[in-house]
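J.: need coordinates for the following:
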Amino acid sequence: MSAELDPARIIRVERTIAAPREKVFEAFSDPKHLDAWWGPDGFINETHDMTFSVGGLWRYTMHGPDGKDWPNWIRYTEISRPSRIAYEHGGEMGEPAHFNGVITFEDVNGKTHISLVLVLPTKEDRAAKVEFGAVEGGKQTLAKLERYVLSR
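T.: Have a look, this model is predicted:
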């Protein structure tokens with residue numbers, strides 16, 4: 001098994017949404033959509049700039065329910081519309097990526113099965129993200145995505 005797919009280093013969150021995958025994919029491609037749903041419950045997203053293309057950057061701040069601000073950046077490494085987005089994800093600009101992400105969108109009889117996979121550098125990094133609440137946060141984020149897509 002390749003190190004990139006080592007289960008000791010990955011976090012996977014999945015959900016099936018009763019909407020066409022083109023519509024679900026579109027919710028990832030524009031900050032007006034992302035700011036409406038991205039992040040766990042209680043977090044508000046603010047995009048500073050975004051270029052949705054391979055090599056492009058999405059720079060945003062997640063404002064936590066406790067008032068704490070979480071700077072983030074995503075650099076897109078692959079965009080295959082409407083089936084896959086791959087990216088590097090970091091915090092402060094200038095820092096190296098904290099992990100790599102892959103989002104896949106599979107058509108299942110007109111519904112979309114979405115899979116969000118985070119690949120952490122080490123199993124210890126994965127354990128720290130799980131302890132921090134990444135799995136529950138991912139589930140909440142995909143639930144918010146579903147509510148958003150179905151309301152449009």
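
J.: from here on, just use CA atoms for contacts and neighbour counts.
T.: Fine.

J.: quick check: Phe43 touching Gly67?
T.: No: contact criterion Cα atoms under 8 Å: Phe43 and Gly67 do not qualify, at 9.3 Å.

J.: if you count surrounding residues, which of the two has more?
T.: Just comparing Phe43 and Gly67: by other Cα atoms under 10 Å the higher neighbour count belongs to Phe43, 20 against 9.

J.: can you check the pLDDT for the more buried one?
T.: We have a pLDDT of 96 for Phe43.

J.: list the buried residues for the lengthiest strand in the chain?
T.: Criterion DSSP state E: the longest strand present in the chain is strand 69-80. Judged by neighbour count (16 or more other Cα atoms under 10 Å), strand 69-80 contains these buried residues: 72-77, 79.

J.: how about the CA coordinates for stretch 76-87, as PDB?
T.: Written as PDB, here are the backbone C-alpha positions of stretch 76-87 (Å, rounded to 0.1, in the frame of the first residue of the first chain):
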ATOM      1  CA  TYR A  76      -5.600  23.400  -5.700                       C
ATOM      2  CA  THR A  77      -3.400  20.700  -7.200                       C
ATOM      3  CA  GLU A  78      -6.100  19.000  -9.300                       C
ATOM      4  CA  ILE A  79      -9.600  20.000 -10.500                       C
ATOM      5  CA  SER A  80     -11.500  17.500 -12.600                       C
ATOM      6  CA  ARG A  81     -15.000  18.900 -13.000                       C
ATOM      7  CA  PRO A  82     -17.400  17.500 -11.700                       C
ATOM      8  CA  SER A  83     -15.600  14.500 -10.100                       C
ATOM      9  CA  ARG A  84     -12.500  15.400  -8.100                       C
ATOM     10  CA  ILE A  85     -10.700  18.300  -6.300                       C
ATOM     11  CA  ALA A  86      -7.300  17.700  -4.800                       C
ATOM     12  CA  TYR A  87      -5.500  20.400  -2.700                       C
END
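
J.: just the mean pLDDT for that stretch, thanks.
T.: 98.

J.: what sits up against that stretch?
T.: Stretch 76-87 is touched from outside by 21-22, 25, 52-57, 74-75, 88, 100-106, with contacts defined as Cα atoms under 8 Å, 6 or more residues apart in numbering.
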